[in-house]
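Novice: give me a 3D structure for the following:
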Amino acid sequence: MSGNNAGGNTGLGILIGVLVVVVAGIAYYLFTGGDVPPIGDEPEIQIDLPDN
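Specialist: Residues are numbered from 1 along each chain as shown. Take a look at the predicted model:
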């Protein structure tokens, strides 16, 4: 019954979906403190200096 108007509603739905995903990603980034989680294993470096 909506006829030619269905295409505009689909585009609007996709736009709103993209905005929701972007806002959720930014909220997660801010909620976790803004740190990017490390990918893979990072080497642990320990430097022992002699006491004088």
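Novice: when you work out contacts or count neighbours from here on, use the C-alpha atoms and nothing else.
Specialist: Fine.
Novice: can you tell me how far the residue nearest the centre of the chain sits from G34?
Specialist: Centroid-nearest residue in the chain, with C-alpha atoms, centre = their mean: G25, separated by 3.3 Å. In this view, G25 and G34 are 11 Å apart by C-alpha to C-alpha, to the nearest Å.
Novice: do the same with V20
Specialist: 19 Å.
Novice: got it, and N9?
Specialist: 35 Å.
Novice: flag the shaky bits of the protein, pLDDT-wise.
Specialist: Applying pLDDT under 70 to the chain flags residues 1-8, 35-39.
Novice: try 80
Specialist: 1-8, 33-43, 52 (pLDDT under 80).
Novice: for it, what spans make up the helices?
Specialist: Applying DSSP state H to the chain gives helices spanning 6-31.
Novice: got the contact list for the residue nearest to the centre of the chain?
Specialist: Applying C-alpha atoms under 8 Å, 6 or more residues apart in numbering to G25 gives no contacts.
Novice: can you rerun that using 10 Å?
Specialist: By C-alpha atoms under 10 Å, 6 or more residues apart in numbering, the contact set of G25 is 19, 31.
Novice: equivalent analysis for Y28, please.
Specialist: 22, 34.
Novice: got it, and N9?
Specialist: L15.
Novice: at 8 Å instead, please
Specialist: By C-alpha under 8 Å, 6+ apart, N9 has no neighbours at all.
Novice: likewise the one 4 residues further on?
Specialist: Residues counted as contacts of G13 (C-alpha under 8 Å, 6+ apart): none.
Novice: that one and I26: what is the separation?
Specialist: 20 Å.
Novice: any idea how far the residue nearest to the centre of the chain lies from N9?
Specialist: In this view, G25 and N9 are 24 Å apart by C-alpha to C-alpha.
Novice: again, but for Q46
Specialist: Taken as C-alpha to C-alpha, the span from Q46 to N9 is 58 Å.
Novice: same check, this time on G17
Specialist: In terms of C-alpha to C-alpha, G17 sits 12 Å off from N9.
Novice: ditto for E42
Specialist: E42 is 47 Å from N9, by C-alpha to C-alpha.
Novice: same thing with E44?
Specialist: 53 Å.
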